[in-house]
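Student: coordinates only, no sequence provided:
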DNA sequence: TCACCCTCTGACACTGTGTCAGAGTCAAGC
DNA sequence: GCTTGACTCTGACACAGTGTCAGAGGGTGA
């Protein structure tokens, strides 16, 4: 019979775990002294201990290990659990790979003297929405800035009457033949109205987004940075991009904008 | 100003986290109502939120993120933290890869109708020790079984006198020219004695071990299984193997043995 | 007998998130 | 003004798997 210390040393685990496993019933010492509660392990229990250690190395939790070592387990169940575990480990592996790539990308950026990318980009899904909007078309990008504001106002005037509080303003841009098409309006769940279109905006399960703060004029460089980041991370745009105006009002001040830039993407595979 | 719900939705995090981060000071709402404690976030705080989300995706903990977003951080410190993170992620990546290989190996074993390898093998380091032992040489493996027992007895008789309780019996086997060399004795920290050699046993930082239970005659197949497993996992033996007798006595009974089989290995690279 | 090591129990800690309970608040519709 | 439903608040427990600490008792050798 082995003391807990000896057993722990042979099996390369700590006393703490052996006591924990005793409590949870995973590995109960062959004998426990009724007077001083000292635990004694039979050397034969090393086999079970080894199985436990091996399963732990595969990343199984205590619960799972208990089932796997239970008496009545058959090859079928075993296989199911291993397959589930495989899926999880594959996921961990992918996550780690992606993280690694991202960490290294950032390290390279620093080495090239760009301390931290000027915009912070995150990936998230976009949910579907319905817009009340107008679609306008311009030939050159610079024209947009003169068109967007008034169009928002026009749409707001139409639907603002029936719908007290306007929801989020959104602009969707897609390139058309010889120019840019902009759909400009508000998230809207009411009825159709004269003078605006009801436009369903599809959900996107992968999009890169960032926020642009401050002067609206600078939004172009934020877009550029966003698209650079998309490419750098191995993705490409997969649909029209959107601007979501989180703060635009402030009565004439143009230096207090907060705009979420959204670009649906797909992985370059 | 955005309510916690709106802010959470835009930033794709849960209220719970925002409250948690408020508590820890990582992201404090721009305003908290003194009467009802409602949190209000400034849209500009989305930038910080995005940075936090991005860093979380790299696997940084809250503590680290706080430092990374602190005011006085310079590129130097940033780089140090990223490098540390890189090392950790690389480790995770390796672990996941190893696990994946192991899980798949086990799945294949099951498919080939070998429900669970008969021996359970784990990898652990071996610590150094000093033996009081005798070295014997045999030509054929079967001879060993007749030699080992008596040699243990002979060594025990010599050192047992001065050293009350004998420590663990160990046998070390290495192949010599035309035969097998066996070093048989006990872990021993006393002085040299007539009739036995003091033999230092080096530490090994990687070894595969398993336990053999029951009849001592079956130990050969346990060794074979251990060596098969070593190869299957992409390692090869890198030194003499050892047997550590955890239970051998039992007065003449040969079916109650508990022996740890230890084989130092190196990775096949 | 003393000193030292082993072992016991029980507790708290960590991380980051889910969830629940119970209470309070806000806004909209009637 | 009242109801209703959605939102928010706090505080707590929970998870997993260890590390660690405190305080007490046991066992052994000098």
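Tutor: All right, it came through fine. On a predicted model such as this, the values are computed, not experimentally measured, just so you know.
Student: from residue A:259, how far off is residue A:218?
Tutor: Distance of residue A:218 to residue A:259, given as CB to CB, to the nearest Å: 10 Å. Placement of C-beta: from N, CA and C, glycine included.
Student: dump the residue contacts of residue A:264.
Tutor: A:126, A:204, A:206, A:207, A:237, A:238, A:239, A:240, A:241 (CB atoms under 8 Å, 6 or more residues apart in numbering or on different chains).
Student: pLDDT of the longest helix along chain A, averaged?
Tutor: Secondary structure assigned by DSSP state H gives helix A:75-111 as the longest helix of chain A. The pLDDT scores in helix A:75-111 average 86.
Student: what pLDDT does residue A:251 get?
Tutor: 61.
Student: helices of chain A, residue ranges please.
Tutor: A:4-11, A:15-24, A:45-57, A:62-69, A:75-111, A:141-160, A:219-232.
Student: now these in TSV, with distance to residue B:29 and mean neighbour count?
Tutor: Output for the helices of chain A, formatted as TSV (distance: least, CB to CB, whole Å; neighbours: other CB atoms under 10 Å in any protein chain shown):
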stretch	distance to residue B:29	mean neighbour count
helix A:4-11	48	18
helix A:15-24	40	15
helix A:45-57	42	20
helix A:62-69	38	16
helix A:75-111	28	16
helix A:141-160	28	15
helix A:219-232	24	16
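Student: from residue B:104, how far off is residue A:267?
Tutor: 25 Å.
Student: residue A:255 and residue A:215 touch, don't they?
Tutor: Yes. Residue A:255 is in contact with residue A:215 according to CB atoms under 8 Å; the separation is 5.1 Å.
Student: just the pLDDT for the residue of chain A positioned farthest from its centre.
Tutor: Computed with CA atoms, centre = their mean, the residue of chain A farthest from its C-alpha average is residue A:35, at 54.8 Å. Model confidence at residue A:35, expressed as pLDDT, equals 84.
Student: how near is it to DNA strand D?
Tutor: 7 Å (CB to the nearest atom of the strand, to the nearest Å).
Student: nearest to residue B:178, of the contacts of residue A:264?
Tutor: Checking the contacts of residue A:264 against residue B:178 with CB to CB, the nearest one is residue A:206 at 67.6 Å.
Student: what's the closest non-adjacent residue to the closest one?
Tutor: residue A:265 (5.4 Å; CB to CB, 6 or more residues apart in numbering or on different chains).
Student: how far is stretch A:31-40 from where the chain is centred?
Tutor: 50 Å (CA atoms, centre = their mean, to the nearest Å).
Student: how about the contacts of residue A:264, which pair is most distant?
Tutor: Across those, the longest distance by CB to CB is 14.5 Å; it joins A:206 and A:240.
Student: more neighbours: which of those two?
Tutor: Each of residue A:206 and residue A:240 has its neighbours counted (other CB atoms under 10 Å in any protein chain shown); residue A:240 has more, 18 against 15.
Student: and that one, what does it touch?
Tutor: Contacts of residue A:240 (CB under 8 Å, 6+ apart): A:172, A:173, A:174, A:264.
Student: just the buried ones among these, please.
Tutor: A:172, A:173, A:264 (16 or more other CB atoms under 10 Å in any protein chain shown).
Student: can you pull the residues of chain A lying near DNA strand D?
Tutor: Contacts of chain A with DNA strand D, taken as CB under 7 Å from any atom of the strand, map to A:14, A:16, A:17, A:20, A:35, A:36, A:56, A:60, A:61, A:62, A:63.
Student: coming back round to it: distance to DNA strand C and pLDDT added to the contacts of residue A:264, as a markdown table?
Tutor: Putting the contacts of residue A:264 into a markdown table (distance: CB to the nearest atom of the strand, whole Å; pLDDT from 0 to 100) gives the following:
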| residue | distance to DNA strand C | pLDDT |
| --- | --- | --- |
| A:126 | 19 | 85 |
| A:204 | 21 | 87 |
| A:206 | 19 | 88 |
| A:207 | 20 | 91 |
| A:237 | 28 | 92 |
| A:238 | 27 | 91 |
| A:239 | 28 | 87 |
| A:240 | 30 | 92 |
| A:241 | 28 | 92 |
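Student: buried subset of those?
Tutor: Neighbour counting with 16+ other CB under 10 Å marks A:126, A:204, A:207, A:237, A:239, A:240, A:241 as buried within those.
Student: mind listing what the fifth one touches?
Tutor: It stands for residue A:239. Taking CB under 8 Å, 6+ apart, one finds A:202, A:204, A:264 in contact with residue A:239.
Student: now, which of these lie within strands?
Tutor: Among these, the ones falling in strands (DSSP state E) are A:204, A:264.
Student: for the contacts of residue A:239, which one is nearest residue A:30?
Tutor: Nearest to residue A:30 out of the contacts of residue A:239 is residue A:204 (CB to CB; 59.5 Å).
Student: I'd guessed that closest one sits against residue A:124; true?
Tutor: No. Here residue A:204 lies out of contact with residue A:124, judged by CB under 8 Å, at a distance of 9.5 Å.
Student: for DNA strand C, what are the nearby residues on chain A?
Tutor: A:3, A:4, A:5, A:6, A:15, A:19, A:36, A:37, A:38, A:39, A:164, A:165.
Student: distance-wise, check residue A:179 relative to residue A:261.
Tutor: Separation of residue A:179 from residue A:261 (CB to CB) stands at 20 Å.
Student: neighbour-wise, which of those two wins?
Tutor: Under the criterion of other CB under 10 Å, the comparison of residue A:179 against residue A:261 puts residue A:261 first, with 22 against 14.
Student: so who does that one touch?
Tutor: A:209, A:210, A:211, A:212, A:219, A:222, A:223, A:226, A:241, A:242, A:243.
Student: span of stretch A:61-77 from start to end?
Tutor: Using CA to CA, to the nearest Å, the end-to-end distance of stretch A:61-77 comes out at 16 Å.
Student: figure out how far that stretch is from the centre of its chain.
Tutor: How far stretch A:61-77 lies from its chain's middle: 33 Å, per CA atoms, centre = their mean.
Student: quick one: it near chain B?
Tutor: Yes. On the criterion CB under 8 Å from any CB of the partner chain, stretch A:61-77 is in touch with chain B at residue A:75.
Student: who touches that stretch?
Tutor: Taking CB under 8 Å, 6+ apart as the rule, stretch A:61-77 contacts A:21, A:24-26, A:48, A:51-52, A:55-56, A:60, A:78, A:81, A:85, B:110, B:115.
Student: out of these, flag the one nearest to DNA strand C.
Tutor: For the contacts of stretch A:61-77, the residue nearest DNA strand C by CB to the nearest atom of the strand is residue A:21; the value is 11.9 Å.
Student: wait, the closest one sits on residue A:52?
Tutor: Yes. Using CB under 8 Å, residue A:21 is in contact with residue A:52, at 7.3 Å.
Student: give the contact list for the residue lying closest to residue A:200 once chain neighbours are set aside.
Tutor: Among residues not flanking residue A:200 along the chain, residue A:130 sits closest, at 5.4 Å (CB to CB, 6+ apart). Neighbouring residues of residue A:130 by CB under 8 Å, 6+ apart: A:187, A:188, A:189, A:198, A:199, A:200, A:201.
Student: perfect, that will be all.
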